[in-house]
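# Sequence plus the predicted model coming up.
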Amino acid sequence: MQSAETQITDFVRNSIFTLKDLNAFISNFNYGYAEQKDKPVFSDDDLNNPYENLGQTADQVWLLSHLFLFFAEPFSHHCPKVWEVLLQGRIT
């Protein structure tokens, strides 16, 4: 299974969604008090090496992994097999 960083990079490179879409969702999501400081932020430079951590801390990657399904659901029809894997791999 691919890492969250690799999946995001693949989605952006395959024009499933844009980095602007992802950052807008992250900026506008209704975070709890404790999550405010861990909001991930991405730039084009972060996607240059999909095997890096996208310039995020462990807390930011953890938070993104939990939020990503909310963001990605509207795009799920573009890649239904990947969506199915994401749903099965979610942390409950």
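Ah, there it is. Numbering: from 1, shown residues only.

# Let me know the helix or strand that the most centrally placed residue in the chain is in.
Closest residue to the average C-alpha location of the chain: Phe68 at 4.7 Å, with C-alpha atoms, centre = their mean. Under the criterion of DSSP states H and E, Phe68 resides in helix 58-72.

# If we ignore the residues flanking it in sequence, what's nearest Phe25?
The shortest distance from Phe25 to any non-neighbouring residue, by C-beta to C-beta, 6 or more residues apart in numbering, is to Phe71 (4.6 Å). Using the backbone N, CA and C atoms, a C-beta is placed for each residue, glycine as well.

# correct me, but Leu86 touches His66?
No: assessed by C-beta atoms under 8 Å, Leu86 is found out of contact with His66, at 11.8 Å.

# neighbour-wise, which of these two wins?
For the pair Leu86 and His66, the greater number of neighbours falls to Leu86 (20 against 11), based on other C-beta atoms under 10 Å.

# How much space separates that one from Ala58?
20 Å (C-beta to C-beta, to the nearest Å).

# before we move on, what about Thr9?
18 Å.

# out of these two, which sits in the busier spot?
Thr9 (22 against 9).

# circling back: what's the following helix or strand after the helix holding Phe68?
Downstream of helix 58-72, the first helix or strand assigned by DSSP H and E is helix 80-88.

# Now do the worst-scoring helix or strand of the chain on mean pLDDT: which elements does it pack against?
Within the chain, no helix or strand scores below helix 4-13, which has a mean of 76 by mean pLDDT, DSSP states H and E. Packed against helix 4-13, as judged by 3 or more C-beta pairs under 8 Å, 6 or more residues apart in numbering; DSSP states H and E, are the following elements: helix 19-28, helix 58-72.

# Fine, thanks again, bye for now.
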